[in-house]
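Novice: A structural model of the following input is requested.
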Amino acid sequence: MRKLALPSKYGWYIGISLIGYFLLLSIFNLHTNPLFSLLNGGIVGYGLSSMFRRYALTETVNHKIKYDKGFSLGFLTGLNATVIFTLFFVLYSTEIAPSFLDDLVGNWRTHYHTPSGLIYFVVFIMGISTTMIMTLFFMQRYKVSWNLKHLIKDPKETLVTN
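Specialist: The predicted model follows:
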């Protein structure tokens, strides 16, 4: 159970931050403009970076993370945040502001008969995509290097390969 504590905790932080940003945009009636969703990547990136930094400092000896462990941590954190935000998005568009989806997609709903489920699916996929990209990006900083220079302790020693 301890293995899931960090992804759950930071997933909640990221999800709540995304919800807060969305509600801030809705106060100024900017939540239907897709340009403002670019900051979602920054929010997710900051949350994932904080989670990786915390894990590297507290759980590892050399402050580096094995790639598979780091990728699974990043993916689970982003998955938690994405599920939290998607559930909020569904709640917001059905209960709080029922006309929101019509304002968001405009002509797509009337001319192409776009169902609400497809919009919710796209929001979920966008969250997972952002998570994957940000996880791959930050793992370059926190991964264990496979550079052979790091394996040689003494500069006079040579590496023997077969």
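
Novice: And the helix or strand where residue 81 lies, what does it pack against?
Specialist: In the assignment (DSSP states H and E), residue 81 maps to helix 67-91. Judged by 3 or more CB pairs under 8 Å, 6 or more residues apart in numbering; DSSP states H and E, the packing partners of helix 67-91 are helix 5-27, helix 38-59, helix 116-142. C-beta coordinates here come from the backbone N, C-alpha and C atoms, glycine included.

Novice: mind checking which of those is nearest residue 88?
Specialist: Evaluated over those, closeness to residue 88 peaks at helix 5-27, with 5.0 Å, by CB to CB.

Novice: Okay, buried residues for the helix holding residue 81 please.
Specialist: Residues 69-71, 73-82, 84-86, 88-90 are the ones in helix 67-91 that count as buried (16 or more other CB atoms under 10 Å).

Novice: helices and strands of the chain: which one has the lowest mean pLDDT?
Specialist: The helix or strand of the chain with the poorest confidence is helix 107-111; it has a mean of 59 (mean pLDDT, DSSP states H and E).

Novice: Residue 116: what's it in contact with?
Specialist: By CB atoms under 8 Å, 6 or more residues apart in numbering, the contact list for residue 116 reads 93-94, 101.

Novice: so which of the residues you listed is the most crowded?
Specialist: Most neighbours among those, by other CB atoms under 10 Å: residue 101, with 21 neighbours.

Novice: tell me the SS of that residue?
Specialist: Following DSSP: H, G, I helix; E, B strand; the rest coil, we place residue 101 in the helix state.

Novice: Excluding sequence neighbours, find me the nearest residue to it.
Specialist: residue 93 (5.1 Å; CB to CB, 6 or more residues apart in numbering).

Novice: Enumerate every residue touching that neighbour.
Specialist: Residue 93 is in contact with 100-101, 116, 119-120, counting by CB under 8 Å, 6+ apart.
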